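Enquirer: Mind folding the following:
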Amino acid sequence: MKILFVHQNFPGQFLHLAPALVARGHTVVALTDEGNKRTSPVPVMRYRKPAASAAEGLGRTYAEAAERGAAVARAAAQLRRDKGFVPDVVFGHGGWGETLFLREVWPEARHLSYAEFYYAARGLDADFDPEFQAADLGRRLRTSARKAHLMMALAEADAAVAPTRWQASTFPAPWRDRISVIHDGIDTDRVRPDPAARLVLPDGRVLAAGDEVLGFVNRNLEPYRGYHIFMRALPAVLKARPEAQVVIVGGDGVSYGPAPGGGRTWKQVFLDEVREGLDLSRVHFLGQVPYAQFLSLLQVARVHAYLTYPFVLSWSLMEAMSAGGLVVASRTRPVEEMIRDGANGRLVDFFDVAGWSAALIEALADPAAGAVLREAARATIVDGYDLRRHSLPRLVAFVEGQG
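Expert: Numbering: from 1, shown residues only. From the prediction side, this is the model:
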């Protein structure tokens, strides 16, 4: 078959799927934003990102998505006109509007959507944290308005895939029967325990597997991923565990939600809040790091802390489990799909700062007691989410079944 992937940051979620389809003899290409500098495993064609939309108010998100979708459609029409390119399957991420109008260009193709998350004004991420999220009508209307392009993307698709059952459940019930739940997959052969792992800190200090290391990883350090709760829990942890080293990975930007304003970063806001209670010689901010360094942290850490609003589940949680980590995580619904308290990890109520301190202290203090949880965490990922044994075969079958 001829298969076209559409993703502004390709390869994104299709990193392993695209080359796997090539290996099975299919012709696979990708269409991506001209500004995307990521290395691609397949040939790439590019579209020109539209100028910022002049739309305001409740229609702005849809207007921006529609303009991007129109830009993608124009690039697709040129491919058809100039090169005669007609894919059998078009598989795109529904989150940014790229797939909205591709059926108008290729009506004969099967159209697939990556259905990552569906917004709701109540009961998910938008009203979860009262410290930062006002419960006013205007905010609820803005959140609800963000559904429009997501629903249109799903309506235009012949089938869709979501990475977890909980994420699929965020979509309206009448549409869920077209969503298959298949995770992108974790490379458990690479992400595995390593008793010889070492992590070199910026000051030259070397941390080794078995050291008392507490790890915390986010793309960016922000409230959506519980950075504020983690930092508030740290003073008690460092006081109780004088040998503990804390390694924090994450950028200074914002992936989800608003910035704090005033030219500050969330990292600085919450570091300043607890600074007087921290021994900063034992708290190491690494920023965003290469994957190999990230993996070394997972393998070195005695305990890995993970928090999230009811939102998209981070790959880093599942990779920490695959690396045999003792994960202490927030008792939020996306996490509860992966972790059962006392069986393959520990769960703590998201907002319970004292509970977080206590759970982290206990886990750091007695690594032998966590051995069973570590083994069970890795088994959870190996047995259900392994890239080559589970996810890739199912994803390949999902795509090939559309031809």
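
Enquirer: Could you pull up the contacting residues of residue 53?
Expert: Contacts for residue 53 (CB atoms under 8 Å, 6 or more residues apart in numbering) come out as 60, 63, 64, 67. C-betas here are computed from N, CA, C, even on glycine.

Enquirer: Helices - which of the residues you listed land there?
Expert: 60, 63, 64, 67 (DSSP state H).

Enquirer: Just put those residues in a markdown table and tack on pLDDT and neighbour count.
Expert: Below are these laid out as a markdown table (pLDDT from 0 to 100; neighbours: other CB atoms under 10 Å):
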| residue | pLDDT | neighbour count |
| --- | --- | --- |
| 60 | 93 | 16 |
| 63 | 95 | 17 |
| 64 | 95 | 17 |
| 67 | 96 | 19 |
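
Enquirer: among those, which two are most distant?
Expert: 60 and 67 (10.7 Å; CB to CB).

Enquirer: Can you get me a residue count around residue 364?
Expert: For residue 364, the neighbour count with other CB atoms under 10 Å is 22.

Enquirer: May I ask which helix or strand encompasses it?
Expert: Assessed by DSSP states H and E, residue 364 sits inside helix 353-365.

Enquirer: so after that helix, what's the next helix or strand?
Expert: Per DSSP H and E, helix 353-365 leads on to helix 371-384 as the next helix or strand towards the C-terminus.

Enquirer: Looking at the contacts of residue 53, which one is closest to residue 351?
Expert: residue 60 (31.3 Å).

Enquirer: Could you list the low-confidence segments of this protein?
Expert: 403 (pLDDT under 70).

Enquirer: right, and residue 387 touches residue 183 too?
Expert: No: applying CB atoms under 8 Å, one finds residue 387 not in contact with residue 183, separated by 9.1 Å.

Enquirer: what do these two both touch?
Expert: With CB under 8 Å, 6+ apart as the test, residue 387 and residue 183 reach no residue in common.

Enquirer: number of nearby residues for residue 164?
Expert: Residue 164 has 20 nearby residues by other CB under 10 Å.

Enquirer: State the distance from it to residue 307.
Expert: 17 Å (CB to CB, to the nearest Å).

Enquirer: what does residue 22 give?
Expert: Taken as CB to CB, the span from residue 22 to residue 307 is 38 Å.

Enquirer: Look at the two and report which has more neighbours.
Expert: Taking neighbours as other CB under 10 Å, residue 22 and residue 307 compare with residue 307 leading, 27 against 16.

Enquirer: Leaving out the residues flanking it, which one is nearest to that one?
Expert: residue 226 (2.4 Å; CB to CB, 6 or more residues apart in numbering).

Enquirer: Verify the stated contact: residue 305 with residue 326.
Expert: No: using CB under 8 Å, residue 305 is not in contact with residue 326, being 10.1 Å away.

Enquirer: name the element residue 76 belongs to?
Expert: helix 60-83.

Enquirer: Give me the buried positions along the next helix or strand after that helix.
Expert: Later in the chain than helix 60-83, the nearest helix or strand by DSSP H and E is strand 89-93. By neighbour count on 16 or more other CB atoms under 10 Å, the buried set for strand 89-93 is 89, 90, 91, 92, 93.

Enquirer: Distance to residue 122 for those residues - can I get that in TSV?
Expert: Shown next, in TSV, are these (distance: CB to CB, whole Å):
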residue	distance to residue 122
89	36
90	34
91	31
92	29
93	25
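
Enquirer: coming back round to it: closest to residue 292 among the ones in helices among the contacts of residue 53?
Expert: residue 64 (35.7 Å).

Enquirer: so the nearest residue to that closest one once chain neighbours are set aside is in which element?
Expert: Of all residues not flanking residue 64 in the chain, residue 53 sits nearest, at 4.6 Å (CB to CB, 6+ apart). Residue 53 is part of no helix or strand, with elements assigned from DSSP H and E.

Enquirer: And residue 53, its phi and psi?
Expert: Phi and psi for residue 53, reported as degrees, to the nearest 10, are phi -70, psi 140.

Enquirer: Over to residue 329. Which of the three states is it?
Expert: Following DSSP: H, G, I helix; E, B strand; the rest coil, residue 329 is assigned to strand.

Enquirer: in the sheet, who's paired with it?
Expert: residue 306, residue 347 (DSSP bridges).

Enquirer: so what's it up against?
Expert: Contacts of residue 329 by CB under 8 Å, 6+ apart are 305, 306, 307, 317, 335, 339, 345, 346, 347, 348.

Enquirer: farthest pair in the residues you listed?
Expert: So, the contacts of residue 329 by CB to CB: farthest apart are 317 and 348, at 14.0 Å.

Enquirer: Give me the spatial nearest neighbour of residue 240, chain neighbours excluded.
Expert: Per CB to CB, 6+ apart, closest to residue 240 is residue 361, 4.6 Å.

Enquirer: all helices of the stretch 1-150 of the chain, in order?
Expert: Assigned by DSSP state H, counting those that start in this stretch, the helices in the stretch 1-150 of the chain fall at 17-23, 60-83, 102-105, 137-145, 148-155.

Enquirer: Please report the distance of the residue nearest to residue 6 when sequence neighbours are not counted from residue 41.
Expert: Excluding the flanking residues, the one nearest residue 6 by CB to CB, 6+ apart is residue 92, at 3.3 Å. Distance, residue 92 to residue 41, by CB to CB: 17 Å.

Enquirer: from memory residue 332 sits against residue 313, does it?
Expert: No: in this structure residue 332 lies outside contact range of residue 313 using CB under 8 Å: 9.5 Å.

Enquirer: just to revisit the earlier point, closest to residue 136 out of the contacts of residue 53?
Expert: Closest approach between the contacts of residue 53 and residue 136, by CB to CB: residue 60, at 18.1 Å.
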